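Peer 1: Here is a sequence with its predicted model. Questions after.
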Amino acid sequence: MKKIISSLFVLAVLIAGNATAENVKEVTVTKQVTEAFSRDFISTSGVTWKQSGEIYIVHFNQFDGSHTAFYTADGELLGAGTDITKEDLPRTVTEKLNRKFEGYSTVQAMKYFSRADGLSWLVLMNGKKNNLVVHLDRDGFINSTRKTK
């Protein structure tokens, strides 16, 4: 499960559209995965699929926002996220980011929910020398940080 969570964390960078990766590609999705997506999410539009390793990534619009969901090849929903503005981050998360990553600015944020970990936050930050993806739990504690180009 840690490998899947780690993969999802790296893929969060891709969600933002600010990074590319050679191992993520457009893909034809299996019937199991598309049926699971149709059951899990209604009234969607702008649906696009990608795949990274064994994880299927779907970007879509639903109701009032842009969303991303992650599926296994058998159609198990691993988690889903909603793009949010940095102003929508909880104050505890914003304060932690400002203290810990002085000199970085928040570029994009996602409210992420998985069955394994519940609610968490994924934040893409720009710095002078590199970018960071920071994964915080619901209370603002940093779970992990990854540098990106």
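Peer 2: Arrived safely, thanks for sending. Numbering: from 1, shown residues only.
Peer 1: ok, which stretches of this structure are helices?
Peer 2: 2-15, 31-40, 91-100 (DSSP state H).
Peer 1: Can you flag the weakest of these by average pLDDT?
Peer 2: With a mean of 48, helix 2-15 has the lowest mean pLDDT of those.
Peer 1: quick one: contacts for residue 30?
Peer 2: Taking C-beta atoms under 8 Å, 6 or more residues apart in numbering, we find residue 30 in contact with 73, 75. In short, each C-beta sits where N, CA and C put it, glycine included.
Peer 1: Can you report phi and psi for it?
Peer 2: The phi/psi pair for residue 30 (degrees, to the nearest 10) reads phi -70, psi 160.
Peer 1: Distance check, it against residue 73.
Peer 2: To residue 73, residue 30 is 7 Å away according to C-beta to C-beta, to the nearest Å.
Peer 1: got it, and residue 80?
Peer 2: 17 Å.
Peer 1: the more surrounded of the two?
Peer 2: Comparing residue 80 with residue 73 by other C-beta atoms under 10 Å, the one with more neighbours is residue 80, at 20 against 14.
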